[in-house]
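Peer 1: Predicted model follows, preceded by the sequence.
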Amino acid sequence: MDELDKTRPHFYFALLRLLALLRGGDATRAENNGAEAWLGGVAINLISYLFFAQFIPDDLKIWQGALLLVLLAFFVWLFWLAVLYINSLIINVVRLCGLFHSIPIRRMQSVLLGISTTAMAAGLLQTDSWSREIASIWLVMVAMNLSAAAVLFSVHGTRGREE
Amino acid sequence: MERSSASRLGRFAVRGVFWRQYLDWAGINLPFYFYPVNIFFFSFFFFFFAAPARRAIVANLAVVLPGSSRAMNYLRAFRTLCNFAWTISEGAIYKLLREEFAYEIIGAKWLEQLGAAPNAIVLTAHMGNYDLGAALFAQKFNREIRMVRAPEPDRQTAEHLSASLEKTGEGAVKVDYNTAGAFLSFDLLNALRSGEIVSIQGDRVEGGVAEVSARLFGKEVRLPNGPFVLALVTGAPIYPLFIARSGYRSYQVIVREPIMVLRTGRAREDDIADAVAKWCEVLEEIIALCWDQWFAFNPTFPTDGRTR
């Protein structure tokens, strides 16, 4: 543990790390930014919530719809727990084959979660509702983040601090 | 057959080992940004299923925050459970990944004193991340610390916790459970006499240990007698120390002025009572400040004229 240093924030996502670098800050990857943690977590859950919400029938009574929307929040939580568990099995198999040993498991989970959420966002793009706008924002952010990762890689020749 | 199926189901009880093992799994598998939402939902889950703990928090809050409404105290209980989930998750992350955590020391001169003390008793509460705090102390001062914990009702959970604490402290933290009666007292006495630091949770009595009567928030409570007797016998100072969570992966180490238990020639109980009163003052101040991190999941204050 380190004594508190609030002077320079550190980031995990490449886009924010690149912005920090452009502002003369530190681009090393860190997982200690609470705002980033909330933002990333809420964004993933929001996209998946909207994705599953489109399957709720329109012809329900208001109270039935509201109840289902509340229950859906718990379903989405359990869905992601199940996905993470299945991902962990896939990662174990991949590692047994001798691949990706140098990448931390939670980083691989992050990649798989990103792919799943992006697929859901792409699905949401087909809808006519306002959730399409949210999905678009997600896709733009993913594209910008990947571009920033590429820039950081070319500048530093590294993906940042690896645990 | 029945016993083995009960034991299998016991793993999933609120204090079963399953949840501790899940924390370890999550530490390895969950991206850091997955924690906030996950912890929120888990807190919600335990808010409903850990009913005795929820009721105990609400009952304790009614005393700690006089005049507070019951409905608000249920929301505060949820917040307390959220904080508990954060602290044990962050403890697991530190144990498994050695991730960076920030901390701020309040009462640095007393912490330095404690680090240099020939022997000492650290008196703490079920508050914040005391496990992480012990590891921090061991790391900062390069000293061994012996932690005394209340016994876990589930044997597998107890084994898992002991192993976790010792791993977090990288061998510098030894864990004892206060179930061994007189033998543990002698062990602790020897430890103090040989210059060790002993950490004890002094905010509630569990596991049939010796008790002393005290007043906390104007109510009579029972607190463990052991730390005060040990201090009296060995002359070791008692350092009140608390680790409070102050934000995402950041903590406050709060150390207060040491309490000396001196022989004044009066009855031993009177000497101890003075020290207990000083401890209660500190405890009241810290609990009032960090009520949402006081993880007292058993009723601490008397109800219907009874003390727990």
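Peer 2: Done, it's in.
Peer 1: Could you grab the helix/strand/coil label for B:Ile272?
Peer 2: Three-state call for B:Ile272 (DSSP: H, G, I helix; E, B strand; the rest coil): helix.
Peer 1: Sort out which residues of the strand ranked longest in chain B are buried, please.
Peer 2: Counting residues, the longest strand found in chain B (DSSP state E) is strand B:238-247. Judged by neighbour count (16 or more other Cβ atoms under 10 Å in any protein chain shown), strand B:238-247 contains these buried residues: B:Ile238, B:Tyr239, B:Pro240, B:Leu241, B:Phe242, B:Ile243, B:Ala244, B:Arg245, B:Ser246. (C-beta placed from N, C-alpha, C; glycine too.)
Peer 1: what's the spacing between the helix or strand following that strand and its chain's center?
Peer 2: Following strand B:238-247 in sequence order, the next helix or strand is strand B:250-255 (DSSP states H and E). Relative to its chain's centre, strand B:250-255 lies at 14 Å (Cα atoms, centre = their mean, to the nearest Å).
Peer 1: Ok, stretch B:284-294 next?
Peer 2: That offset, for stretch B:284-294, works out to 13 Å (Cα atoms, centre = their mean).
Peer 1: ditto for stretch A:133-141
Peer 2: That offset, for stretch A:133-141, works out to 12 Å (Cα atoms, centre = their mean).
Peer 1: Now do the buried residues in that stretch.
Peer 2: So for stretch A:133-141, counting by 16+ other Cβ under 10 Å, buried means A:Ile134, A:Ala135, A:Trp138, A:Leu139.
Peer 1: which element is the third one on?
Peer 2: The reference is to A:Trp138. helix A:131-156.
Peer 1: now check that helix, is it near chain B?
Peer 2: No: Helix A:131-156 does not reach chain B (Cβ under 8 Å from any Cβ of the partner chain); its nearest approach is 12.4 Å.
Peer 1: Show me what the mean pLDDT comes to for that helix.
Peer 2: Mean pLDDT, computed over helix A:131-156, is 92.
Peer 1: quick one on the thing from earlier: tabulate the buried residues of stretch A:133-141 in a markdown table, adding columns for distance to B:Phe228.
Peer 2: Shown next, in a markdown table, are those (distance: Cβ to Cβ, whole Å):
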| residue | distance to B:Phe228 |
| --- | --- |
| A:Ile134 | 59 |
| A:Ala135 | 62 |
| A:Trp138 | 58 |
| A:Leu139 | 63 |
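Peer 1: where does B:Phe301 land in three-state SS?
Peer 2: coil.
Peer 1: Just want the residue of the stretch 151-300 of chain B that's nearest chain A.
Peer 2: B:Tyr248 (2.7 Å; Cβ to the nearest Cβ).
Peer 1: Run a quick neighbour tally on that residue.
Peer 2: 20 (other Cβ atoms under 10 Å in any protein chain shown).
Peer 1: Which elements pack onto the longest strand of chain B?
Peer 2: Applying 3 or more Cβ pairs under 8 Å, 6 or more residues apart in numbering or on different chains; DSSP states H and E, we find strand B:238-247 packed against helix B:70-97, helix B:108-116, strand B:120-124, helix B:130-141, helix B:226-234, strand B:250-255, helix B:268-289.
Peer 1: Now the fifth one: buried residues?
Peer 2: Buried positions in helix B:226-234, judged by neighbour count with 16+ other Cβ under 10 Å: B:Gly226, B:Pro227, B:Phe228, B:Val229, B:Leu230, B:Ala231, B:Leu232, B:Thr234.
Peer 1: Could you measure from the residue in chain A sticking out farthest from the centre over to chain B?
Peer 2: Distance to the chain centre peaks in chain A at A:Lys61, reaching 33.5 Å (criterion: Cα atoms, centre = their mean). Per Cβ to the nearest Cβ, to the nearest Å, A:Lys61 is found 26 Å from chain B.
Peer 1: residues in contact with residue 36?
Peer 2: Because you didn't say which chain, this covers chain A. Applying Cβ atoms under 8 Å, 6 or more residues apart in numbering or on different chains to A:Glu36 gives the contacts A:Phe11, A:Tyr12, A:Phe13, A:Leu16, B:Tyr33.
Peer 1: that's the other chain; I wanted chain B
Peer 2: Going by Cβ under 8 Å, 6+ apart, B:Pro36 touches A:Gly34, A:Ala37, A:Trp38, A:Gly41, A:Val42.
Peer 1: Turn the residues you listed into CSV, including neighbour count, secondary structure and distance to B:Gly208.
Peer 2: Output for the contacts of B:Pro36, formatted as CSV (neighbours: other Cβ atoms under 10 Å in any protein chain shown; DSSP: H, G, I helix; E, B strand; the rest coil; distance: Cβ to Cβ, whole Å):
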residue, neighbour count, secondary structure, distance to B:Gly208
A:Gly34, 15, helix, 41
A:Ala37, 21, helix, 42
A:Trp38, 15, helix, 43
A:Gly41, 22, helix, 43
A:Val42, 15, helix, 46
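Peer 1: okay if I get these as TSV plus distance to chain B?
Peer 2: TSV is the format used below for the contacts of B:Pro36 (distance: Cβ to the nearest Cβ, whole Å):
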residue	distance to chain B
A:Gly34	3
A:Ala37	5
A:Trp38	5
A:Gly41	4
A:Val42	7
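Peer 1: Among those residues, which has the minimum pLDDT value?
Peer 2: A:Gly34 (90).
Peer 1: residues touching it, list them.
Peer 2: Counted by Cβ under 8 Å, 6+ apart, A:Gly34 has contacts B:Pro36, B:Gly247, B:Tyr248, B:Arg249.
Peer 1: Which strand or helix spans residue 63?
Peer 2: I went with chain A, as the question did not name one. A:Trp63 belongs to helix A:62-96, assigned by DSSP H and E.
Peer 1: Wait, chain B was what I had in mind.
Peer 2: helix B:51-64.
Peer 1: and the direction of that helix versus that of helix B:70-97, what angle?
Peer 2: Interaxial angle, helix B:51-64 versus helix B:70-97 (axes from the mean of the first three to the mean of the last three Cα atoms, to 10 degrees): 120 degrees.
Peer 1: And the pLDDT for the residue nearest to the spatial centre of chain B?
Peer 2: By Cα atoms, centre = their mean, the mean C-alpha position of chain B lies nearest to B:His126, the distance being 2.7 Å. Note for B:His126: predicted pLDDT of 89.
Peer 1: before we move on, what about the one 3 residues further on?
Peer 2: As predicted, B:Asn129 sits at a pLDDT of 80.
Peer 1: The residue lying closest to it once chain neighbours are set aside and chain A: what is the separation?
Peer 2: Excluding the flanking residues, the one nearest B:Asn129 by Cβ to Cβ, 6 or more residues apart in numbering or on different chains is B:Thr87, at 4.3 Å. Separation of B:Thr87 from chain A (Cβ to the nearest Cβ): 14 Å.
Peer 1: go on, B:Ser68?
Peer 2: On the measure of Cβ to the nearest Cβ, B:Ser68 and chain A end up 27 Å apart.
Peer 1: For that residue, which three-state class applies?
Peer 2: coil.
Peer 1: what do you get for B:Phe12?
Peer 2: Here B:Phe12 is coil, with the state taken from three-state DSSP.
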